[in-house]
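Asker: Could you work out the structure for the sequence below:
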Amino acid sequence: MSSPRSFRLLVALLSASLIGARPVPHDVWVGTAMPTDGGAMRGVLEMFAGKPPNTTFVELALRNDLPGAMRVWHVGQGTCAKPSMIFGDSAAYPVIRIGNDGKGVGAVTLRLTLPDTGDFHVAIAASPRNSRRVACGDLVLED
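Answerer: The predicted model follows:
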């Protein structure tokens, strides 16, 4: 007959193996923003579940941009061809300051759960005072 200690150990081992067997979501939305005017700027975006529960972390890295530029950006629902609402609070997206090397990075944690379906895009505007879109890219969901 098993001792209570052996039984507790067996239950702990089984529980650990079941917990480890649970699928862990690895959903990541990715996209590349291309300039709307044929320029050289490129933006690479990743969007995935944030560390705090029910949040989404978004990061946009720009390169080959105009040194000193200040870019306004956001993730939007829909596609570049058919944009819809901004994903999250538009004020949450920080302005990206482009360095002398033509590079800049913006990151934000949104208080929204990472979506696992739908259409999304990243849009980049000329500046805080000029909302003309200078680059856009549709996002795809990777597993």
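Asker: what's the average pLDDT for the longest strand anywhere in the chain?
Answerer: If you go by DSSP state E, the chain has its longest strand at strand 130-142. Taken as a whole, strand 130-142 has a mean pLDDT of 97.
Asker: What residues sit buried inside it?
Answerer: By 16 or more other CB atoms under 10 Å, the buried positions in strand 130-142 come out as 133, 134, 135, 136, 137, 138, 139, 141. In short, each C-beta sits where N, CA and C put it, glycine included.
Asker: so the helix or strand harbouring residue 32 versus strand 130-142, what angle?
Answerer: Using DSSP states H and E, residue 32 sits within strand 28-35. Put simply, strand 28-35 runs at 140 degrees to strand 130-142, going by axes from the mean of the first three to the mean of the last three CA atoms, to 10 degrees.
Asker: to the chain's geometric centre, what's the distance from the longest strand of the chain?
Answerer: Distance of strand 130-142 from the chain centroid (CA atoms, centre = their mean, to the nearest Å) equals 12 Å.
Asker: Now do the end-to-end distance for stretch 117-134.
Answerer: Taking CA to CA, to the nearest Å, the first and last residues of stretch 117-134 lie 26 Å apart.
Asker: ok, and what's touching stretch 60-68?
Answerer: 33, 39-45, 71, 73, 96, 98-107, 122, 124 (CB atoms under 8 Å, 6 or more residues apart in numbering).
Asker: Need the buried ones from these selected in PyMOL.
Answerer: Buried subset of the contacts of stretch 60-68, written as a PyMOL selection, criterion 16+ other CB under 10 Å:
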select buried, resi 33+41+42+43+44+45+71+73+96+98+102+104+105+106+122+124
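Asker: and the helix or strand containing residue 60, how far out from the chain's middle?
Answerer: Residue 60 is part of strand 56-63 when elements are defined by DSSP H and E. How far strand 56-63 lies from its chain's middle: 6 Å, per CA atoms, centre = their mean.
Asker: Can you list the buried residues in that strand?
Answerer: By 16+ other CB under 10 Å, the buried positions in strand 56-63 come out as 56, 57, 58, 60, 62.
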